[in-house]
Structure formats: structure tokens, C-alpha cells
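J.: Quick one, fold the following:
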Amino acid sequence: MSLLPLFDLSLRGRATQVALEFAPPGGALVTCTFGNLEARSNRLAHLLRARGLKAGDRLAFFLQNRIEVIDLWLAGVKLGLIVVPVNVLYRERELKHILTDSAPTAVVTSRDLAAFIPPGVAIWDVEALAAEAAANPDTRVAIPADADTPVSLIYTSGTTGASKGAVLTQGNFATNALTLVTAWGISAADRFLCALPLFHVHGLGNGVHCWLLSGCRMRLHERFEHARAAAWFEDFRPTLFFGVPAMFVRLLELPPEQARAVGGRLRLAVSGSAPLPAEVHEKFRQLYGSVILERYGMTETLMNVGNPYEGERRPGTVGLPLAHVAVKICDEAGSPVADGTSGELWVKGPNVCAGYWRRPEATAAAWRDGWFRTGDIGVRAADGYITLQGRRSDLIISGGFNIYPREIEELILERPGVREATVVGAPDPVRGEVPVAYVVVDDTAFDEGAAVAHLRTQLASFKQPKAFVRVPALPRTALGKVQKHLLPKWQA
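T.: A predicted model of the protein is given here:
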């Protein structure tokens with residue numbers, strides 16, 4: 001199953017229908033039909049082919065949400081390229097690793113972001129690229145593809161802090177979209193408000209693909225802005241909204257009358273990318289009169305589990321396995337555990353990626369007998385509902401973004417005067433969790449201000465420690481492993 005025949009239900013079948021509204025900050029609303037998107041991506045495909053790109057080549061983008069991201073994705077699908085989305089919050093260390101590992105022909109970016117790209121990487125300015133593409137023919141350029149054709153490398157951190165590229169195929173994205181559109185009843189009649197970043201699988205894998213398959217109307221914003229969200233909901237009047245828990249926390253700030261009006265039009269609100277507190281789930285229901293549907297997915301697998309559209313959306317749980325996924329909960333030996341017993345979630349299905357890019361050992365470690373080991377710990381109730389309890393590793397999820405402490409710890413340990421360091425996730429009412437660093441230091445040699453300044457140049461903003469907590473020693477086991485649960489609790 002390849003993507004283009006599914007996209008053609010809209011690109012060709014709904015060519016005259018308004019597909020997309022883009023609201024650039026401070027600019028006029030831009031509107032495109034599905035036919036416009038077909039023509040734009042065809043012109044870009046002609047240009048990319050003329051620049052020497054061919055099937056299997058990587059092309060990265062380092063961009064905020066904008067229409068050109070949609071153009072790039074569609075052109076990439078048509079040419080059989082492997083598109084590499086890069087988080088716009090990443091900085092020197094992260095960018096250098098991802099761009100070295102994926103070895104793209106070029107990175108498409110904007111003038112304000114180009115300075116962050118490390119030397120030696122070809123940079124294509126997005127506006128210049130779009131202007132040049134506009135002079136090309138709008139006839140369809142496409143190569144044959146199937147479910148196994150790689151379409152994207154999306155990087156997800158590993159427990160050692162080394163980011164790995166999940167090789168996602170056209171079949172992965174197609175299966176995911178078909179399942180969600182069916183399970184959530186998404187149709188051309190929906191109005192979808194999208195403020196999720198399109199460099200993330202939540203916005204790209206769920207948002208863009210459900211929109212293109214269903215033919216609904218999408219309003220795209222560059223980023224979520226809680227101060228303007230009320231006006232967005234009032235102006236566009238969406239029936240469909242995908243968000244992360246931090247967005248729903250902010251939406252609780254709307255006045256009750258306004259929230260109730262939004263909720264009356266909102267057919268479905270979906271939360272993912274991080275655990276949704278049951279308290280937020282209930283407060284949103286009371287304020288909006290709409291029950292959030294929480295689901296569970298990963299970069300490597302797209303969607304695995306979800307609360308039902310028709311049926312109980314149980315607070316604190318991620319629901320039931322989706323139609324295309326098999327799920328089992330296993331102990332450390334890989335044997336299934338009884339309901340009510342905690343274990344690691346293993347999944348299998350056409351949603352699971354083809355492996356990690358140029359990482360055969362990591363791929364072999366993550367798969368066993370066709371099952372993908374998620375690293376997530378959970379428990380299944382007798383009626384099948386699954387509740388997540390944390391990570392097998394020490395993953396921190398902050399505002400929907402994954403943070404692995406080891407990467408931050410290594411940078412802190414490079415600073416003068418630091419003898420030991422460990423990073424843990426601390427509860428945060430908006431972002432869910434934030435990283436906090438515990439350090440054993442020589443007070444005469446350690447400069448906290450200099451350490452903070454250094455980390456800002458090396459890491460994305462969401463990975464910056466919220467605080468440095470000085471302790472006389474890190475609690476360790478007899479084998480030297482840090483016992484993070486014994487660290488003193490940090491409070492803002």
C-alpha cells in the first residue's frame with residue numbers, strides 16, 4: 001500500500017475543494033485547494049529532480065510550520081525520496097549528529113534558522129526554492145512505490161543519548177492514516193485545527209495524513225500560542241483538534257462561556273505525545289463539555305493504542321489496541337504477564353518501522369521474533385484498557401518532546417568542577433515534566449551561570465535543566481547505578 005493513491009482521493013478527487021488555510025504570524029491568511037497543492041508539489045518535484053535528487057536520496061527540512069513543508073512532503077512521496085524532518089528547537093550538537101548520520105543532499109530551511117546548520121551541509125533557502133519551483137511545469141512526476149518504500153527518517157533519542165533514525169515506510173503512514181480516519185470517523189466535513197509541529201510524527205503522521213486521506217479542511221498555524229488560541233477556535237470553528245497535554249492545560253484558561261461554545265462545535269479532541277493527567281481530562285470535560293480521546297504512539301510505530309471514539313474514554317488510560325496492532329505486555333524474559341501485572345509493551349503490525357537507519361545492532365536489540373519492544377512499562381486491565389506507567393529507560397517527556405537524561409548529563413559532566421551529575425524528570429503543571437539536574441560539584445570551580453549558558457548553545461530549549469540541585473553525593477546501588485528515586489524531591 002503506497003501513499004499517492006490515497007492522497008489522490010483528495011489531490012485529484014477533490015481538486016477544487018479548499019484544502020488548507022495557513023495563518024502566518026502577522027500575515028494574511030493563505031488558502032489553497034487540493035488542486036493547488038497537487039500543482040505546487042508537482043512543480044517542486046520537477047525542480048528537485050533537476051537538482052539531481054532520485055529515489056532513496058535524503059532531503060532534510062529544518063522549518064517551522066508553513067505550506068512549503070506540505071509541498072516538500074508531497075514532492076518527496078512522488079519522487080521516492082526519504083524526507084528527514086528536523087526539530088526546529090535543535091541546536092549544534094543535535095543538528096550535527098542528525099545531519100551527519102542521515103547524510104541528506106541538502107537541508108531546506110529559512111533565513112532565520114540557516115545560521116544553526118553546521119558547516120559543510122548544503123543549505124537550500126525555502127523561499128528561493130519555492131520561487132524557483134514556481135517556474136516549473138505542474139504535470140505529475142511520480143515513480144512506482146509500495147508499502148515497503150522508505151519515505152522518512154525521523155530521529156528519536158536512545159537511552160545512551162545517541163539519536164537514532166527510525167526508517168518509516170509508505171505502508172507505515174498509510175496504515176496509520178487509514179486506521180485513524182476510520183476509527184475516529186474523520187471525513188471531508190471536518191474542520192481540523194493544526195498547531196502541532198510538522199517535524200514531529202504527531203503533526204505529520206497523524207495530522208497531515210488524516211487530513212489528506214479524509215479531504216477535510218485544515219487550518220495550519222506556525223506554532224501553538226495559548227494567548228491566541230481562543231481567537232483561533234472562534235474564527236475557524238474546528239470540529240477536530242489534535243494536541244499535546246501542555247496545550248490542553250493552557251486551554252483550561254479560557255472563560256467558561258467561551259470554552260463551552262468551543263466544545264459545542266468540537267467533535268473530537270485528541271491528546272498524545274505525553275501522558276495526559278486524569279485531572280486535566282476531567283477539568284476539560286467539565287469546562288468544554290467534550291471528552292478528550294487519549295491515545296499512545298511512538299516515532300518508531302506511529303499509533304498503537306487509543307481510547308474508543310464510540311465507548312468509554314477512560315481518564316488515565318491510553319485505551320485499547322488499534323485495529324492494525326497486536327499488543328502484549330511482557331516481563332524481562334519476554335513472557336506475557338497476567339492482566340493487572342506491570343510489564344513492557346511489545347507491539348507488532350504494519351505500523352512498525354523498518355528498523356533504525358544504519359544501526360543493525362540497535363535494530364536487533366529492539367525486535368524479537370517480529371515484535372517491537374517499546375521500552376514503555378504498562379498494565380492491562382481485565383477489560384483490555386492499557387495504562388502506561390513510565391519508561392524502561394529514563395525518558396522524560398516535556399511538552400510532547402522526548403528527552404533522554406544521558407545526553408544532558410554528558411554535557412554537564414564536561415563542565416569544570418562537576419564530579420557527578422544525573423538528570424531526572426520533575427512534575428510540571430504545563431509541560432508534564434521538566435528536566436532537573438542533580439550535581440556533585442567543587443563549589444570553588446563550578447560556575448552554574450557558565451554551565452547554563454553553555455547548555456543553551458548545545459541543546460534545544462526544552463532540554464535545558466529547570467534547575468541545578470547540589471547534593472553531597474548521588475545515591476547508588478552496590479553496582480554503582482544511580483538510584484534516582486532516592487534523590488531529594490525538587491519543587492519550583
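J.: mind listing what the residue positioned nearest the centre of the chain touches?
T.: Nearest residue to the geometric centre of the chain (C-alpha atoms, centre = their mean): His200, 3.1 Å. Each residue near His200 by C-beta atoms under 8 Å, 6 or more residues apart in numbering is listed here: Pro85, Asn87, Ser273, Gly400, Phe401. All C-beta atoms are positioned from the backbone trio N, CA, C, and that covers glycine.
J.: can you pick the most crowded of those?
T.: Within the contacts of His200, Ser273 tops the neighbour count with 27 neighbours, counted by other C-beta atoms under 10 Å.
J.: I'd like to know how far that one sits from Leu168.
T.: From Ser273 across to Leu168, the span is 16 Å (C-beta to C-beta, to the nearest Å).
J.: Does Leu266 touch Phe242 like I think?
T.: No: Leu266 lies out of contact with Phe242 (C-beta atoms under 8 Å); the separation is 11.6 Å.
J.: Neighbour count for those two, which is higher?
T.: Using other C-beta under 10 Å as the criterion, Leu266 and Phe242 rank with Phe242 on top: 25 against 20.
J.: so where does that one fall, helix or strand?
T.: In this structure, Phe242 is located in strand 240-243 according to DSSP states H and E.
J.: How about residues contacting that strand?
T.: Residues contacting strand 240-243 (C-beta under 8 Å, 6+ apart): 186, 190-196, 202-203, 206-207, 216, 224, 251, 266-272.
J.: give me that answer again for 6 Å
T.: For strand 240-243, contacts defined as C-beta atoms under 6 Å, 6 or more residues apart in numbering pick out Asp190, Phe192, Leu193, Leu196, Gly207, Leu268, Ala269, Val270, Ser271.
J.: for the stretch 351-492 of the chain, which spans come out with low pLDDT?
T.: Along the stretch 351-492 of the chain, the parts satisfying pLDDT under 70 run over 477-481.
J.: so where do the strands sit in it?
T.: Assigned by DSSP state E, counting those that start in this stretch, the strands in the stretch 351-492 of the chain fall at 367-368, 371-380, 386-391, 396-398, 401-403, 418-428, 432-441, 468-470.
J.: which stretch among those comes nearest Pro5?
T.: strand 371-380 (26.8 Å; C-beta to C-beta).
J.: in whatever helix or strand Glu234 lives in, what counts as buried?
T.: Glu234 belongs to helix 226-236 when assigned by DSSP H and E. Neighbour-count burial for helix 226-236, with 16 or more other C-beta atoms under 10 Å as criterion, is recorded at Ala229, Ala230, Trp232, Phe233, Phe236.
J.: For the last one, which non-adjacent residue is closest in space?
T.: If you skip the residues right next to it in sequence, Phe236 has Arg219 as its closest partner in space, 4.5 Å away by C-beta to C-beta, 6 or more residues apart in numbering.
J.: measure that neighbour to Val18 for me?
T.: Distance from Arg219 to Val18, by C-beta to C-beta: 11 Å.
J.: between these two, which one's more packed in?
T.: Remark: of Arg219 and Val18, Arg219 carries more neighbours, 21 against 13, as counted by other C-beta under 10 Å.
J.: Would you agree that one falls within a helix?
T.: No: assigned with DSSP: H, G, I helix; E, B strand; the rest coil, Arg219 falls outside any helix and is strand.
J.: Please name the residues that touch it.
T.: Counting by C-beta under 6 Å, 6+ apart, Arg219 has contacts Glu21, Leu193, Phe236.
J.: How about Val347?
T.: Applying C-beta under 6 Å, 6+ apart to Val347 gives the contacts Thr301, Asn304, Val325, Val327, Phe372.
J.: now the residues you listed in TSV, with neighbour count and distance to Ala106?
T.: TSV is the format used below for the contacts of Val347 (neighbours: other C-beta atoms under 10 Å; distance: C-beta to C-beta, whole Å):
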residue	neighbour count	distance to Ala106
Thr301	23	29
Asn304	29	33
Val325	23	35
Val327	21	39
Phe372	22	32
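J.: So which of those are in strands?
T.: Among the contacts of Val347, the residues falling in strands (DSSP state E) are Asn304, Val327, Phe372.
J.: Contact partners for the first one?
T.: Right, Asn304. Contacts for Asn304 (C-beta under 6 Å, 6+ apart) come out as Tyr296, Gly297, Val325, Val347.
J.: Spatially, which residue comes closest to the third one, not counting chain neighbours?
T.: Closest residue to Val325 in three dimensions, ignoring its sequence neighbours and counting by C-beta to C-beta, 6+ apart: Gly349, at 4.2 Å.
J.: Quick check: pLDDT value at the one you found.
T.: If you check Gly349, the pLDDT there is 98.
J.: That one against Ala323, yeah?
T.: No: at 9.2 Å, Gly349 does not count as touching Ala323 under the criterion of C-beta atoms under 6 Å.
J.: Looking at these two now, which is surrounded by more residues?
T.: The neighbour count for Gly349 versus Ala323, taken as other C-beta under 10 Å, is higher for Gly349 (23 against 13).
J.: pLDDT below threshold where in the protein?
T.: Counting by pLDDT under 70, the ranges of the chain that qualify are 157-162, 477-481.
J.: most residues in a single helix of it, which one?
T.: Across the chain, the longest stretch assigned as helix under DSSP state H is helix 34-50.
J.: Good, wrapping up.
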